[in-house]
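Peer 1: Sequence plus the predicted model coming up.
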Amino acid sequence: MPSLRLQRVQELLKRQIGEVIRREFPVSAAGLISVNDVGVSGDLHSATVFVSILGNAEQQKRGFGLLVKHRKRIQGLVAKSIILKYTPQLRFVLDESIARGNRVLAIIEELEPTLSQE
């Protein structure tokens, strides 16, 4: 369990990174990018940002490419807006947990009619 300070930094980074992404990347170009979670290392030198992108496959690919390409710019904008001793080096990871959850729900819905017939 992370410390209270670490949890507060994670939440602050999550909120601020989401704000920067919303401001910098138009939905029409990159899809709807949302920050699901941020994991920060104990020394606050690095952070893993879990993002999900709503849109078609092309928008998702382009959106994630934009995030990776503009990582340093996003990191700089976050550093200007929040005061931390160290601004963590950001690493973006595509979070597919929502898509996996939707797939599991679809499988359960497919199984329900067959179970009720038996």
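Peer 2: Thanks, I have the structure now. Residues are numbered from 1 along each chain as shown.

Peer 1: Got the confidence number for residue 51?
Peer 2: The model reports residue 51 with a pLDDT of 94.

Peer 1: for the one helix or strand it maps to, packing partners?
Peer 2: Residue 51 belongs to strand 46-54 when assigned by DSSP states H and E. When contacts are defined as 3 or more Cβ pairs under 8 Å, 6 or more residues apart in numbering; DSSP states H and E, strand 46-54 sits against helix 4-24, strand 32-40, helix 57-69, strand 89-94, helix 97-117. In short, each C-beta sits where N, CA and C put it, glycine included.

Peer 1: switch the cut-off to 10 Å
Peer 2: Secondary-structure packing of strand 46-54 (3 or more Cβ pairs under 10 Å, 6 or more residues apart in numbering; DSSP states H and E): helix 4-24, strand 32-40, helix 57-69, helix 71-81, strand 89-94, helix 97-117.

Peer 1: Burial-wise, tell me which of the ones you listed comes out on top.
Peer 2: strand 32-40 (a mean of 18; mean count of other Cβ atoms under 10 Å).

Peer 1: Strand partners (parallel or antiparallel) of that one?
Peer 2: strand 46-54 (antiparallel) (DSSP bridges).

Peer 1: how about the CA coordinates for the strand holding residue 51, as CSV?
Peer 2: Written as CSV, here are the backbone C-alpha positions of strand 46-54 (Å, rounded to 0.1, in the frame of the first residue of the first chain):
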residue,chain,number,x,y,z
SER,A,46,9.4,7.9,-12.7
ALA,A,47,5.7,7.5,-13.3
THR,A,48,3.7,5.1,-15.4
VAL,A,49,0.6,6.6,-16.9
PHE,A,50,-2.2,4.2,-17.9
VAL,A,51,-4.3,5.6,-20.6
SER,A,52,-7.3,4.4,-22.6
ILE,A,53,-8.3,5.8,-25.9
LEU,A,54,-11.8,5.8,-27.2
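
Peer 1: what about the closest residue to residue 96 other than its chain neighbours, distance to residue 86?
Peer 2: Nearest non-adjacent residue to residue 96, counting by Cβ to Cβ, 6 or more residues apart in numbering: residue 52, 7.5 Å away. From residue 52 across to residue 86, the span is 27 Å (Cβ to Cβ, to the nearest Å).

Peer 1: That'll do, ta.
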